[in-house]
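S.K.: the following comprises the amino acid sequence and a computationally predicted model.
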Amino acid sequence: MKNLGILLSGRGSNFVAIADSIDAGRIPGARIAIVISNRPDAPGVETARKRGLQALLIPSKDKGRETHDREVVAALKQHEVDLICLAGYMRLLSPWFVQQFPGRILNIHPSLLPSFPGLEAQQQAFAYGVKVSGCTVHLVDEELDHGAIIVQKTVPVLDTDDEHTLAARILEQEHIAYTEAINILIEGNYEVVGRRLVRLQKSEVKWKE
Ligand code: GRF
């Protein structure tokens, strides 16, 4: 059983989707060990506690990046976290943080990377006029929205869309994509070749109990 650590800063719908998937048996190999927010007003913290999960507030305001990251990493290690899911965590991780969990940090981004990295990706895609957008779950490396891609889902941009309706349909796909990506990581039947995350035969598993 792998321990997940969820980092969030806001409403936490991706966190809820992961928790629902676990409760429904769709991620049989994992449990949520800890939920951490860097923002005191993140609704995701209260949601986590209501579900009976441990949730911590580790405020980042007025702290240097690495000082805050050290507190977060200490909490993750204390809860024996194997895999970290960034779920709307509005903070760039320091290289030091990334190095503490090599290949074990996932992020979800609401565009088809490498298009539209950074903030307000759905609005960027809408304004650009693309006909297809979507979401990406990727491994986190030291660059923003950059690591190897685990799962992508496409979403058509309709003529009737505005940026809100598009973002809502992307979000539905995010919730599906994150569960798939976590299962791929914890099953371990993949290797990363250059930028490519390639699925292996079941017999070549990477993580053993
Ligand atoms: C999502 O759109 C995610 O892709 C992005 O931040 C948003 C978080 O939403 N990284 P939520 O807090 O999970 O509802």
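M.R.: Sure thing, it's come through. Numbering: from 1, shown residues only.
S.K.: how is the chain carved up into domains?
M.R.: According to automatic domain parsing, the chain comprises the domains 1-101, 107-209.
S.K.: any part of the shortest one near the ligand?
M.R.: Yes. Domain 1-101 comes into contact with the ligand when judged by Cβ under 6 Å from any ligand atom, the residues involved being 8, 10, 11, 12, 13, 14, 87, 88. Bear in mind the C-beta positions are built from the backbone N, C-alpha and C, glycine included.
S.K.: got it, and stretch 103-123?
M.R.: Yes. For stretch 103-123, a contact with the ligand is found by Cβ under 6 Å from any ligand atom, at 108, 109, 110.
S.K.: avg pLDDT for that stretch?
M.R.: On average, the pLDDT along stretch 103-123 is 98.
S.K.: what's in contact with stretch 147-157?
M.R.: Applying Cβ atoms under 8 Å, 6 or more residues apart in numbering, the external contacts of stretch 147-157 come out as 106-107, 112-113, 125-126, 130-141, 166, 169-170, 173-174, 176-177, 180-181, 184-185, 192, 195-197.
S.K.: ok, now stretch 71-83?
M.R.: 2-5, 7, 30, 33-34, 36, 38, 54, 56, 58, 84, 97, 100-101, 104-106, 182, 185-186.
S.K.: and the residues you listed, which of them are buried?
M.R.: 2-5, 7, 30, 33-34, 36, 38, 56, 58, 84, 97, 100-101, 104-106, 182, 185-186 (16 or more other Cβ atoms under 10 Å).
S.K.: out of those residues, which are inside helices?
M.R.: Using DSSP state H, 97, 100, 182, 185, 186 are the members of these that sit in helices.
S.K.: so residue 76 sits in a strand?
M.R.: No. With DSSP: H, G, I helix; E, B strand; the rest coil as the criterion, residue 76 is located in helix rather than a strand.
S.K.: mind pulling up the pLDDT for it?
M.R.: The model's pLDDT for residue 76 equals 98.
S.K.: on that earlier part again, next step: the residues of domain 1-101 next to the ligand restricted to strands.
M.R.: residue 8 (DSSP state E).
S.K.: dump the residues of domain 1-101 next to the ligand into TSV; add neighbour count as well.
M.R.: As requested, the residues of domain 1-101 next to the ligand are exported to TSV (neighbours: other Cβ atoms under 10 Å):
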residue	neighbour count
8	27
10	17
11	14
12	24
13	18
14	27
87	25
88	21
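S.K.: fine by me, we can end here.
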